[in-house]
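**Student:** quick one: sequence and predicted model below, then my questions.
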Amino acid sequence: MNANSKMTSIARRINMSFWFKQFWGTICLDIVIVALIAGAFFKWRVDQIPETREVTEVEFQTGESYKDLVLIMEDSHGEVHHYQMFQFLDYVIIPLGALFVIQGLDIIGALFGTGEIRRKLKPLNDLAIKAEKLSSLPLDTSKFESLEQAIENLSPNSPDAKISTGDKDLASIEVALNNLIYRMRESQKKQARFVSDASHELRTPIAVIQGYVNMLDRWGKEDESILEESIEALKHESEHMKELVEQLLFLARGENGKNTLHYAEFDLCQVIHEVWEESLMIDEEHRYEFVSDVGSALDEEGNLTISPVMMRGDVAMIKQSVRIFVQNAAKYSAKGATIQFRVKKQGNMVSYTVQDEGIGMQGEDVVHIFEPFYRSDKARNGNTGGSGLGLSIAKWIVDAHDGKIEVLSSPEIGTRFTVWLRADLEG
């Protein structure tokens, strides 16, 4: 049997399957139509009986033809009502007959749909024929051997080495392999620089610990309240530094999909306020302001209380993202400049903002600032240090929380980072 006859046989089977489905569908539709007509006739006749009476018995009487079909109903008063159904059928017999004729012609026409299905199957049939021909051809292994040899001769230590066989048939494979090798080399470079740049993210918690140690040395020996506060803060920050190291390793594994966020409900206002207090203590060269757009009030003792802004997320990672933006603001701002913290809630979204009066950035730099290790030429010339890893870590943290970062920056005016996060407490 040739390929065309095979396809015709398949098309015939498909067509018959469709025909049987259409046939039974038509039968079911006709049964429903007849049932609806009978129900309509019954309802019509029941409505002829006075409302004060109820139908107690229903019976159908048949005869030799449809004209002898009679509906007999007895009401609650014992009165018997006879209705000849042919009077009603005379109204519907013509449209029903027309419907049945149309359905019959449609079903008969569906029997001859094999040719149309065969035409629609032709592209698939041609593809199958070509695949069968290709599978019957002898396999030329010489091309793959040359590709294998080119891969073996590739020097892993050469940064510009590429796979090249000179065979046009293997050109697309070579491009794909060379792109893969390039990405692997870039990943290796990032990993090599990661260890040396990790210390950039540990500076703030270490500075906080040093600040409390100095405060203990000055006043903690005599002031018990300072002693308790400092001990609690040192415990908190040492634990935070431990978590931070784990987060840096966590970020290194981020591309492997092995990270897990530790969700908990927390007050974003409180987190931002804590970072603001830390900044006041460890950095005396800048002015720090805290603003809450969600409202504040004075308690009975006259202390300022800030309305909570609740959200759900990994509180340690959110806090670390804020610290990164603050470090960046302090790094590129002159002494005495103001760095402002702001918290806002809008609908089901919350946000925090870190705004400075620093050197700012050009538009072309803003596009790249979240790329790992990127620093603008102006930042490099400022001898501010750092590797450019901080903002990429902050970006990863925000993305992991399904958030977004808005950046507004202008040279010599300053930069504003606004992070928007979901406020819903489910997840």
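**Tutor:** Alright, I've got the coordinates.

**Student:** quick check: next helix or strand after the longest helix anywhere in the chain?
**Tutor:** What stands out as the longest helix in the chain, according to DSSP state H, is helix 3-46. Where DSSP states H and E defines the elements, the next helix or strand beyond helix 3-46 is strand 55-61.

**Student:** can you give the strand pairings for that next one, parallel or anti for each?
**Tutor:** Strand 55-61 sits in its sheet next to strand 70-75 (antiparallel), going by DSSP bridges.

**Student:** pull out the buried positions in the partner strand.
**Tutor:** Within strand 70-75, the residues that count as buried by 16 or more other Cβ atoms under 10 Å are Leu71, Met73, Asp75. Bear in mind the C-beta positions are built from the backbone N, C-alpha and C, glycine included.

**Student:** so the longest helix of the chain versus strand 70-75, what angle?
**Tutor:** 40 degrees (axes from the mean of the first three to the mean of the last three Cα atoms, to 10 degrees).

**Student:** elements contacting helix 3-46?
**Tutor:** strand 70-75, helix 86-110, helix 114-136 (3 or more Cβ pairs under 8 Å, 6 or more residues apart in numbering; DSSP states H and E).

**Student:** just name the most buried of these.
**Tutor:** Of all the helices and strands packed on helix 3-46, strand 70-75 has the most neighbours on average by mean count of other Cβ atoms under 10 Å, namely a mean of 16.

**Student:** and that one, how far from the chain's centre?
**Tutor:** 65 Å (Cα atoms, centre = their mean, to the nearest Å).

**Student:** run through who's touching that strand.
**Tutor:** 41-42, 45-46, 49, 53-61, 80-85 (Cβ atoms under 8 Å, 6 or more residues apart in numbering).

**Student:** let me have the helices and strands packed on helix 3-46 in JSON lines, extended by distance to Gly347 and mean pLDDT.
**Tutor:** Below are those laid out as JSON lines (distance: least, Cβ to Cβ, whole Å; pLDDT from 0 to 100):
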{"stretch": "strand 70-75", "distance to Gly347": "64", "mean pLDDT": "77"}
{"stretch": "helix 86-110", "distance to Gly347": "55", "mean pLDDT": "75"}
{"stretch": "helix 114-136", "distance to Gly347": "50", "mean pLDDT": "73"}
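
**Student:** redo these as TSV? Include distance to Glu145.
**Tutor:** Below are the helices and strands packed on helix 3-46 laid out as TSV (distance: least, Cβ to Cβ, whole Å):
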stretch	distance to Glu145
strand 70-75	88
helix 86-110	56
helix 114-136	20
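
**Student:** among the buried residues of strand 70-75, which one sits closest to Thr114?
**Tutor:** Ranked by distance to Thr114 (Cβ to Cβ), the buried residues of strand 70-75 are led by Leu71 at 46.8 Å.

**Student:** the closest one and Ile102: what is the separation?
**Tutor:** 29 Å (Cβ to Cβ, to the nearest Å).

**Student:** please apply the same query to Ser409.
**Tutor:** Distance of Ser409 to Ile102, given as Cβ to Cβ: 72 Å.

**Student:** what does Phe20 give?
**Tutor:** Applying Cβ to Cβ to Phe20 and Ile102 gives a distance of 19 Å.

**Student:** same thing with Met73?
**Tutor:** To Ile102, Met73 is 35 Å away according to Cβ to Cβ.

**Student:** that older thread, quick check: which of the helices and strands packed on helix 3-46 is nearest to Asp160?
**Tutor:** With Cβ to Cβ, the closest approach to Asp160 among the helices and strands packed on helix 3-46 belongs to helix 114-136: 36.7 Å.

**Student:** in terms of helices and strands, where is His77?
**Tutor:** Judged by DSSP H and E, His77 forms part of no helix or strand.

**Student:** show me the contacts for it.
**Tutor:** Applying Cβ under 8 Å, 6+ apart, the residues near His77 are Arg53.

**Student:** before we move on, what about the one 5 residues further on?
**Tutor:** With contacts defined as Cβ under 8 Å, 6+ apart, His82 is in contact with Val70, Leu71, Ile72.

**Student:** can you tell me which of those is nearest Trp396?
**Tutor:** Leu71 (78.2 Å).

**Student:** quickly list what the closest one is bridged to.
**Tutor:** Phe60, Tyr83.

**Student:** how close does it sit to Ile33?
**Tutor:** Per Cβ to Cβ, Leu71 is found 19 Å from Ile33.

**Student:** now swap in His368 and tell me
**Tutor:** Using Cβ to Cβ, one gets 70 Å for the distance from His368 to Ile33.

**Student:** do the same with Val46
**Tutor:** Distance of Val46 to Ile33, given as Cβ to Cβ: 20 Å.

**Student:** likewise for Ala233?
**Tutor:** Applying Cβ to Cβ, the value for Ala233 to Ile33 is 82 Å.

**Student:** which one of the two has more residues nearby?
**Tutor:** A count of neighbours by other Cβ atoms under 10 Å puts Ala233 above the other of Ala233 and Ile33, at 20 against 15.

**Student:** which helix or strand contains that one?
**Tutor:** Element membership of Ala233 [criterion: DSSP H and E] is helix 224-252.

**Student:** and that helix, what does it pack onto?
**Tutor:** So helix 224-252, by 3+ Cβ pairs under 8 Å, 6+ apart, packs with helix 203-215, helix 315-331, helix 390-400.

**Student:** redo these as CSV? Include mean neighbour count and distance to Cys28.
**Tutor:** Formatted as CSV, the helices and strands packed on helix 224-252 follow (neighbours: other Cβ atoms under 10 Å; distance: least, Cβ to Cβ, whole Å):
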stretch, mean neighbour count, distance to Cys28
helix 203-215, 18, 74
helix 315-331, 23, 60
helix 390-400, 21, 54
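
**Student:** alright, calling it a day.
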